[in-house]
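Student: Provided below are the primary sequence and the corresponding predicted coordinates.
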Amino acid sequence: MADHRNQQARKERSAASLVPRTGKQEAPLSGVSRREFVGLAAASLFFAPVNRPASASESRNGIPYRTLGRTREKVSLIGLGGYHLGKQADPQESIRIIRTGLDEGVNFLDNCWDYNGGQSEVRMGNALRDGYRQKAFLMSKIDGRTKAAAASQINESLRRLATDRIDLMQFHEVIRETDPERIFAEGGAMEAVLAAQKAGKIRYIGFTGHKSPDIHLKMLATASQHKFAFDAVQMPLNVMDAHFESFEMKVLPVLLESDTGVLGMKPMGDHVILESKTATPVECLHYAMNLPTSVVITGCDSLPILQQALEAARSFQPIGRHEVTALLMKTAKAAEAGKFELYKTSHQFDGTFANPQWLG
């Protein structure tokens, strides 16, 4: 216990050194106590050494590129979320968004078997014709928890996406305590995914979830028990998550330790975070980019929103410690109880809750 207190004291002294020295006591920001300020500063310090600006050789058309964990694949700092592409009223506009992103330097494409009844994958498959498939690192997800359901969904995704391989296939919505055991059980979904990988239909394997960092940790532990290591993990990373049931604080360090690719999602919480009026879209994107993420996936349902994401990626520079702390302090009150993270606190974002048949 004494060692823990000494370690905490050293962390707080280090964090406190970020407070500007003006010869007088600085007032707490935004009504937050000095002790709370020190705690937030310590949190922002945790990943500071990892944040490095991309060198000129690690960018394409001004878009920074990072390494996807131990795969060593190079992926764009910004990734196009597949769900919003299927919500666009005009299918041709969805194709224009995807192709514009690829032409502008983005290579990471996100999708899922269940997005918009399959229309997100169909539109992306159409966009990847005429040579565009070669520009993309293509990711999709499946919901199946049984071998049969997973195999069927993999093949359907390949057909819709009009490709013979998917670069990264992920188990979608790992949001239940029972999901890890079901996936790794005899006759479970992992058997289908490994068979597809052996057949050359997929290259890498990951999982996603938005509900609980503890369930992510259970999935990683279950994989370890089966002597399996995921290539990538997807989770919410944003200015609210840092305060409540935090994937950043609980899961991110584990992924970094194992050199697993980090896919950040929901930088704006499907726009709900913006309703808090505590951070701008670019601040939200830059905060997620400032973490040691391989890619930050964001929904782009129009060309102007895509351009906003492209500009955020091109203008990104590692954010200073004090600036990160100030942003966390602005969002701290709003983040209480997950009010603006409905994917954690409600079933609003749980497609497999409304459609349990997808699990198999």
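Tutor: Happy to help now that I have it.

Student: who's the most centrally placed residue in the chain bridged to?
Tutor: The residue lying closest to the centre of the chain (C-alpha atoms, centre = their mean) is Gly264, at 1.8 Å. The bridge-partner assignment for Gly264, based on DSSP bridges, gives Met235, Val296.

Student: Where do the helices of the stretch 101-250 of the chain begin and end?
Tutor: All helices of the stretch 101-250 of the chain, identified by DSSP state H, counting those that start in this stretch, fall at 119-127, 147-160, 179-184, 189-198, 213-225, 247-250.

Student: of all those, which gets the most neighbours per residue?
Tutor: helix 119-127 (a mean of 23; mean count of other C-beta atoms under 10 Å). All C-beta atoms are positioned from the backbone trio N, CA, C, and that covers glycine.

Student: before we move on, the earlier item: give me the distance between the residue nearest to the centre of the chain and Asp103.
Tutor: Going from Gly264 to Asp103 by C-beta to C-beta, to the nearest Å gives 23 Å.

Student: now swap in Glu323 and tell me
Tutor: Taking C-beta to C-beta, one finds Glu323 at 32 Å from Asp103.

Student: Between these two, point out the one with more neighbours.
Tutor: Taking other C-beta atoms under 10 Å, Glu323 and Asp103 do not tie; Glu323 has more neighbours (15 against 11).

Student: Figure out the helix or strand that the more buried one lives in.
Tutor: Following DSSP states H and E, the helix or strand that holds Glu323 is helix 321-335.

Student: Just the CA trace of that helix, in PDB.
Tutor: Written as PDB, here are the backbone C-alpha positions of helix 321-335 (Å, rounded to 0.1, in the frame of the first residue of the first chain):
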ATOM      1  CA  ARG A 321       0.000  18.100 -22.200                       C
ATOM      2  CA  HIS A 322      -1.600  21.300 -20.800                       C
ATOM      3  CA  GLU A 323      -3.900  21.500 -23.800                       C
ATOM      4  CA  VAL A 324      -5.000  17.900 -23.400                       C
ATOM      5  CA  THR A 325      -5.700  18.500 -19.700                       C
ATOM      6  CA  ALA A 326      -7.700  21.600 -20.400                       C
ATOM      7  CA  LEU A 327      -9.800  19.700 -22.900                       C
ATOM      8  CA  LEU A 328     -10.400  16.900 -20.400                       C
ATOM      9  CA  MET A 329     -11.400  19.400 -17.800                       C
ATOM     10  CA  LYS A 330     -14.000  21.000 -20.100                       C
ATOM     11  CA  THR A 331     -15.600  17.600 -20.800                       C
ATOM     12  CA  ALA A 332     -15.400  16.200 -17.200                       C
ATOM     13  CA  LYS A 333     -18.700  17.300 -16.000                       C
ATOM     14  CA  ALA A 334     -20.600  16.400 -19.100                       C
ATOM     15  CA  ALA A 335     -19.000  12.900 -19.100                       C
END
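
Student: Where does pLDDT dip in this protein?
Tutor: 1-57 (pLDDT under 70).

Student: distance between the ends of stretch 287-303?
Tutor: 22 Å (C-alpha to C-alpha, to the nearest Å).

Student: quick one: contacts for the residue nearest to Ala136 when sequence neighbours are not counted?
Tutor: Excluding the flanking residues, the one nearest Ala136 by C-beta to C-beta, 6 or more residues apart in numbering is Leu109, at 5.1 Å. Shown in contact with Leu109 (C-beta atoms under 8 Å, 6 or more residues apart in numbering): 79-80, 82, 98, 124, 136-139.

Student: In the sheet, which residues pair with Leu109? Tell me.
Tutor: In beta-bridge terms (that is, DSSP bridges), Leu109 pairs with Leu80, Leu138.

Student: Wait, Asp110 touches Thr298, no?
Tutor: No - in this structure, Asp110 is not within contact of Thr298 by C-beta atoms under 8 Å, at 9.2 Å.

Student: Between the two, which contacts overlap?
Tutor: What both Asp110 and Thr298 touch, as defined by C-beta under 8 Å, 6+ apart, is the set 79-81.

Student: and the gap between the nearest residue to Gln119 once chain neighbours are set aside and Gly118?
Tutor: In this structure, Gln119 finds its nearest non-sequential neighbour in Gly86, 4.5 Å apart by C-beta to C-beta, 6+ apart. Between Gly86 and Gly118 the computed distance is 8 Å (C-beta to C-beta).
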